[in-house]
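Chemist: Build the 3D model from these lines:
(one chain, ligands or ions: 2)
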Amino acid sequence: MIRSLRLKGFKSFADETEIRFTEGINCIVGPNGCGKSNIVDALKWIVGVTSAKGMRADNIRDLVFKGTESRRPSRSAEVSVVVSSRDLTVPETEVTRRIKSDGDSDFLINGKKVRLKDIQELFSKLGISNRDYAFFEQGQIDRVLRMKPSERKALIDEAAGITPFKERREETLRQ
Ligand code: ATP
Ligand code: MG
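Modeler: Ligands and ions are numbered 1, 2, ... in the order given. Model prediction:
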């Protein structure tokens, strides 16, 4: 599960902001334009979504706080999550994605630079998906209704946390 999310210089979050999640359903409420969807964009970014469009931006650099009349733009954007398994067999681990000025990203696990693949392995072990069907955004609820049965099954498998086992089984069968 994702225990907390920290944003720094990401989109409208100029100031470092931490959001703690609890088990079960979490709700984020606030007026239009206050940054609710930007929080979802941050979650997408950290789980490895790479297309700017997927985060409602024209360019990856648009993920960096661009400043206001009274505030200078940020130099970089950073999103961190603390993740763990519910039973803590996978202990609390901090995963960070940091955008560099050239638009490339650095990935860190507990402050140490790693590859995107390492992060995706960790997320997969925890049942945290980077697939686009894991995110339902404004006006997209009907997407699940339009899915093929096999796609809907994949969604349920992922939510139930059995996808890593299925992938390992397929790997074993291939060998
Ligand atoms: P709604 O209730 O209408 O869905 P919301 O809370 O989901 O609103 P968001 O879409 O998360 O709102 O936030 C939009 C705001 O984020 C806009 O005001 C936009 O200018 C701001 N924003 C987006 N990218 C940046 C950026 N790079 N720098 C500064 N502000 C940004
Ligand atoms: Mg929104």
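Chemist: burial of Q175, as a residue count?
Modeler: Burial of Q175 is recorded as 4 neighbouring residues (other CB atoms under 10 Å). C-beta: built from backbone N, CA, C; applies to glycine.
Chemist: cool, I25 as well?
Modeler: For I25, the neighbour count with other CB under 10 Å is 6.
Chemist: got the residues of the chain near ligand 1?
Modeler: Residues of the chain lying near ligand 1 by CB under 6 Å from any ligand atom: 11-12, 30, 32-38, 62, 64-66, 138.
Chemist: List just the nearest of those to T96.
Modeler: Minimum distance to T96 across those is 15.2 Å, recorded for V64 (CB to CB).
Chemist: looking at it, that closest one is touching V79, isn't it?
Modeler: No. Using CB atoms under 8 Å, V64 is not in contact with V79; the gap is 11.3 Å.
Chemist: Then E137 would be within a helix, right?
Modeler: No. Under DSSP: H, G, I helix; E, B strand; the rest coil, E137 sits outside any helix and is assigned coil.
Chemist: Let me see the contact set for it.
Modeler: Contact partners of E137, counting by CB atoms under 8 Å, 6 or more residues apart in numbering, are S37, V40.
Chemist: Can you check the pLDDT for it?
Modeler: For E137, the pLDDT comes out at 75.
Chemist: now the one 3 residues further on
Modeler: Model confidence at Q140, given as pLDDT, is 72.
Chemist: And it, how close does it get to N110?
Modeler: Distance, Q140 to N110, using CB to CB, to the nearest Å: 34 Å.
Chemist: same question, G33
Modeler: 34 Å.
Chemist: Next, the buried residues of the host helix or strand of R168.
Modeler: Taking DSSP states H and E as the definition, one finds R168 inside helix 163-174. Using 16 or more other CB atoms under 10 Å as the burial criterion, the residues of helix 163-174 that qualify are T163, P164.
Chemist: got it, and stretch 129-140?
Modeler: S129, N130, F135.
Chemist: quick check, distance from it to the centre of its chain.
Modeler: Offset of stretch 129-140 from its chain centre (CA atoms, centre = their mean, to the nearest Å): 11 Å.
Chemist: wait, doesn't E18 sit right on I39?
Modeler: No. Contact status for E18 versus I39: not in contact, 11.4 Å apart, counting by CB under 8 Å.
Chemist: quick one, which of the two is more surrounded?
Modeler: Neighbour count, other CB under 10 Å: between E18 and I39, I39 has more, with 21 against 11.
Chemist: give me every residue that touches the more buried one.
Modeler: By CB under 8 Å, 6+ apart, the residues touching I39 are L5, L7, I19, I28.
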